[in-house]
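K.L.:
Give me a 3D structure for the following:
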Amino acid sequence: MRETDLNTLLSRVAAGDMDAFAQFYDATCDRVYGMILRVLRDQGYSEEATQETFLAVWRGAAGFDPASGTALSWVLTLAHRRAVDRVRSETAATRRTVAYGIADTGREIDEVSESVERREIARLIHTGLETLTPLQRQAIELAYFHGLTYREVAEHLGVALPTIKSRIRDGLIRLRQTVPGFAVSA
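P.N.:
Residues are numbered from 1 along each chain as shown. Prediction:
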């Protein structure tokens, strides 16, 4: 169909002529759909965007100005904008979904199994502490469970600093041997 015929049809569409709209649709739908499909690469989205484009043609035909361009270029511009808007919308939705998924993964930790694991580790360490001498256990508990420095442990117990260091080092070595996966360094 010639461009002047499309311009005429579009002016008739602006006046509410349904037959002119049907003829305009028949003359342009393949090109509109093809252009949208190249942008979206999805048949379903392309069909929806094509439908939305022709709805915009029906509603906005009065806004077409033949002095600014041809009817075909106008409808293809509408279609391209519609397709790009769909891409942007889908990209934004994907970005939100990913951001939510990343933010939400921290909350999806299985609290029950995490609690059981913590209790098991605590049990193993408690069992391992039972294998230490009372002096080693006391020095390790003060240093690791009460947060005292080695010097503070020595002052608290009234023992020389090198003695405390030896007790803690020997106790940690024994804990590593008795508690699987124990990894505290002296």
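K.L.:
Please tell me how far Met1 sits from Leu37.
P.N.:
Separation of Met1 from Leu37 (C-beta to C-beta, to the nearest Å): 21 Å. Using the backbone N, CA and C atoms, a C-beta is placed for each residue, glycine as well.
K.L.:
higher neighbour count, the two?
P.N.:
Leu37 (17 against 13; other C-beta atoms under 10 Å).
K.L.:
Show me what whichever strand or helix holds Val87 is packed against.
P.N.:
Following DSSP states H and E, one finds Val87 within helix 71-105. In terms of contacts (3 or more C-beta pairs under 8 Å, 6 or more residues apart in numbering; DSSP states H and E), helix 71-105 is packed against helix 3-14, helix 18-40, helix 43-60.
K.L.:
Let me have those in JSON lines, adding distance to Arg167 as columns.
P.N.:
Below are the helices and strands packed on helix 71-105 laid out as JSON lines (distance: least, C-beta to C-beta, whole Å):
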{"stretch": "helix 3-14", "distance to Arg167": "93"}
{"stretch": "helix 18-40", "distance to Arg167": "71"}
{"stretch": "helix 43-60", "distance to Arg167": "71"}
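K.L.:
got a markdown table for the ones you listed, with distance to Leu124 and mean pLDDT too?
P.N.:
Below are the helices and strands packed on helix 71-105 laid out as a markdown table (distance: least, C-beta to C-beta, whole Å; pLDDT from 0 to 100):
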| stretch | distance to Leu124 | mean pLDDT |
| --- | --- | --- |
| helix 3-14 | 79 | 90 |
| helix 18-40 | 57 | 96 |
| helix 43-60 | 55 | 95 |
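K.L.:
Just give the closest residue to Ala20, not the sequence neighbours.
P.N.:
Arg12 (3.5 Å; C-beta to C-beta, 6 or more residues apart in numbering).
K.L.:
low pLDDT regions in the chain?
P.N.:
For the chain, applying pLDDT under 70 flags the ranges 101-110, 181-186.
K.L.:
So what are the structural domains in it, by residue number?
P.N.:
According to automatic domain parsing, the chain comprises the domains 3-105, 111-178.
K.L.:
how many neighbours does the residue nearest to Val57 when sequence neighbours are not counted have?
P.N.:
Excluding its sequence neighbours, the residue lying closest to Val57 (C-beta to C-beta, 6+ apart) is Val75, at 5.9 Å. Using other C-beta under 10 Å, Val75 has 26 neighbouring residues.
K.L.:
give the contact list for Val75.
P.N.:
24, 28, 32, 53, 57 (C-beta atoms under 8 Å, 6 or more residues apart in numbering).
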